[in-house]
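Student: Task: produce atomic coordinates for the following.
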Amino acid sequence: VVTLSLLMYPVLRSLALQLHSVVTGSYVSGTHSIAFINCLNEQIAKDIARAVMDKKLAAYVNILPKSSALYFWKGELEETSEILLLVKTRTSKIGELSNYVRSIHPLEIPEIISLPIDQGNPLYLKWIEESVPRD
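Tutor: Numbering: from 1, shown residues only. Modelled structure (predicted):
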């Protein structure tokens, strides 16, 4: 019973949030998210952004210009440049987005992290919802 409850929690939470939003007409914090995805260069960033959009896993993708990055890789300090994607989507799509990007990304371990959107322009958040199909 506990295992089933844990497995059903995301589905039940999603349904409860949708119902709350419909009944109250208000935005429920965390319904949408911004995912950050690093890319080696601008062409890879454009290819991944277009692929994500073609799969309807996002409503909007920003491609931010080249930035410097420092990180540890296999025990060594690395310094490189990268392009960052900011992907606006439904929170419920983050798992699918992450799996898809990992399948097409050239890096062994690409950065794919997300943060929930707490507040924002209600019309913009509604547009995200309309642009990204439900599960």
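Student: Would you mind checking which helix or strand in the chain has the lowest mean pLDDT?
Tutor: Within the chain, no helix or strand scores below helix 2-24, which has a mean of 65 by mean pLDDT, DSSP states H and E.
Student: Look at Ser131 and say how many residues are nearby.
Tutor: With neighbours defined by other Cβ atoms under 10 Å, the count for Ser131 comes to 15. (Glycine included, C-beta is placed from N, CA and C.)
Student: Pull the contacting residues for it.
Tutor: Contact analysis of Ser131 by Cβ atoms under 8 Å, 6 or more residues apart in numbering lists Lys56, Ala59, Tyr60.
Student: try Glu82
Tutor: In this structure, Glu82 makes contact with Asn38, Cys39, Leu40, Lys66, Ser67, Ala69, judged by Cβ under 8 Å, 6+ apart.
Student: Selecting buried members of the residues you listed in PyMOL, what would you type?
Tutor: Buried residues among the contacts of Glu82 (16 or more other Cβ atoms under 10 Å), as a PyMOL selection:
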select buried, resi 38+39
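Student: Restricted to strands, list the contacts of Glu82.
Tutor: Assigned to strands by DSSP state E, the following of the contacts of Glu82 qualify: Asn38, Cys39, Lys66, Ser67, Ala69.
Student: per-residue pLDDT, Lys56?
Tutor: What the model reports as pLDDT for Lys56 is 97.
Student: what's the helix or strand for the most centrally placed residue in the chain?
Tutor: The centroid of the chain falls nearest to Ala35 when counting by Cα atoms, centre = their mean (3.3 Å). Assigned by DSSP states H and E, Ala35 belongs to strand 32-39.
Student: For the residue nearest to the centre of the chain, which residues count as its bridge partners?
Tutor: Val87, Ser114 (DSSP bridges).
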